[in-house]
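1. Need the 3D shape of this:
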Amino acid sequence: MPSSSSPPSPPAEPSMAATPTPSVQIPPLSFALVSTGVYRSGCPMPLNFPFLSKLHLKSIIYLADQDLPTDLQRFVAENNIQVFHFRVQQVRGDNNATDDNADGSLLENGLDTASEVVNEDGSTTISRRGSAISRRDSAAAMIFEEERERKEKKEKEKEKVENDPVSMRLALELLLDNRNFPVLIHSNKGKHRSGVLVACMRKLLQNWAFGSVKLEYYYFAGEKGKADVEFIEKFEPTLKYDERWAPAWLRYTPEEGKLIKVIKDG
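-> Predicted coordinates for the structure are as follows:
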């Protein structure tokens, strides 16, 4: 008696096992490659850490007056990254910020911008937000306004913060030592303070034309930053470096005499 054969097996279906999906790599705010071994950005957040891990950073140049965020402190400790923290403040002053008081706010006595009004009898008065003062009193109001502006200007000068030339010099010398590479230059948003250091690097270490230096600075910083640009243009420090560890992108003009070759260790 012939044995019954079992029905043919259905064709095997493709395996439905989940294929690992590569994690999304998100760079920090304002991230960019500056030159080989040198990057710039705003302050990294935890969602940026997988991306930063791929860079295998050896060091960070941190330009800010605040402490490094706790989660970033943990990340650099876990990845054996050395942090060079320069406690520099963001430049403040007439050249680097808009006038916060130029918004039509009321004066101390409740008056606002003056407007001239013609009355029915042909006389004129000066109206300020519903109040009116006669023309004979307008001189007193102008004196008051000038005095207020003078006091505000004086207060702004007290609050003015300029770039720190010592910090910039020390940071540039770190960039002259490729043992610190790969290095990330970062500030709060990666615009002004990071931009000043990168611009000084372009000008002093890579011999860029100043027009190109300004163009790159404004690309990241936007319209603000006149005081920064003035600092970059005038900044001419004497820098010491060890030729053995000089970066490959160094473009130095010897006749300028601003870079001094030294042996820093045995």
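2. Residue ranges of each domain in this structure, please.
-> Residue ranges for each domain of the chain read 32-92+162-261, 115-159, as given by automatic domain parsing.
3. least reliable of those going by mean pLDDT?
-> If you rank the domains of the chain by mean pLDDT, domain 115-159 sits at the bottom with a mean of 60.
4. quick one on the thing from earlier: what would the domains of the chain look like in CSV with distance to residue 23 and mean neighbour count?
-> Glycine gets a C-beta too; all of them are placed from N, C-alpha and C. CSV is the format used below for those (distance: least, Cβ to Cβ, whole Å; neighbours: other Cβ atoms under 10 Å):
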stretch, distance to residue 23, mean neighbour count
domain 32-92+162-261, 6, 17
domain 115-159, 44, 11
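5. wait, isn't residue 161 in contact with residue 192?
-> No - look at residue 161 against residue 192 with Cβ atoms under 8 Å: they stay out of range, at 11.1 Å.
6. so what's in contact with these two at the same time?
-> Counting by Cβ atoms under 8 Å, 6 or more residues apart in numbering, the contacts common to residue 161 and residue 192 are 90-91.
7. Now the residue nearest to residue 86 when sequence neighbours are not counted: which helix or strand?
-> Spatially, and ignoring its direct neighbours in sequence, residue 86 is nearest to residue 167 (4.2 Å; Cβ to Cβ, 6 or more residues apart in numbering). Here residue 167 sits within helix 165-175, counting by DSSP states H and E.
8. Please name the nearest non-neighbouring residue to residue 45.
-> Residue 45's closest residue in space is residue 28 (Cβ to Cβ, 6+ apart), at 7.1 Å.
9. got the residue ranges for the strands in the stretch 1-150 of the chain?
-> All strands of the stretch 1-150 of the chain, identified by DSSP state E, counting those that start in this stretch, fall at 32-35, 38-41, 59-63, 82-86, 115-118, 124-128, 131-134.
10. got a list of contacts for the fourth one?
-> Strand 82-86 is contacted from outside by 58-64, 68, 76, 164, 167, 170-171, 174, 180, using Cβ under 8 Å, 6+ apart.
11. What is the nearest of these to residue 145?
-> Of all the contacts of strand 82-86, residue 145 sits closest to residue 164, with 35.9 Å by Cβ to Cβ.
12. What's the separation between that closest one and residue 76?
-> When distance is defined by Cβ to Cβ, to the nearest Å, residue 164 is 23 Å away from residue 76.
13. residues in contact with the residue nearest to residue 86?
-> Residue 167 sits next to 63, 86-88 when contact means Cβ under 8 Å, 6+ apart.
14. Now do residue 249 against residue 37, distance only.
-> According to Cβ to Cβ, residue 249 stands 8 Å off from residue 37.
15. What are the boundaries of the helices in the stretch 151-266 of the chain?
-> 165-175, 192-200, 210-221, 226-234 (DSSP state H, counting those that start in this stretch).
16. Of those, which is nearest residue 146?
-> With Cβ to Cβ as the criterion, residue 146 lies closest to helix 226-234 of these, at 25.1 Å.
17. contact partners of that closest one?
-> Here helix 226-234 has contacts from 91, 93, 95-96, 162-163, 165, 192, 195-196, 199-200, 203, 210, 213-214, 217, 221, using Cβ under 8 Å, 6+ apart.
18. now swap in stretch 67-78 and tell me
-> By Cβ under 8 Å, 6+ apart, the list of residues contacting stretch 67-78 from outside reads 43-46, 49, 52, 60, 62, 81-83, 85.
19. make it 6 Å
-> 44, 46, 49, 83 (Cβ atoms under 6 Å, 6 or more residues apart in numbering).
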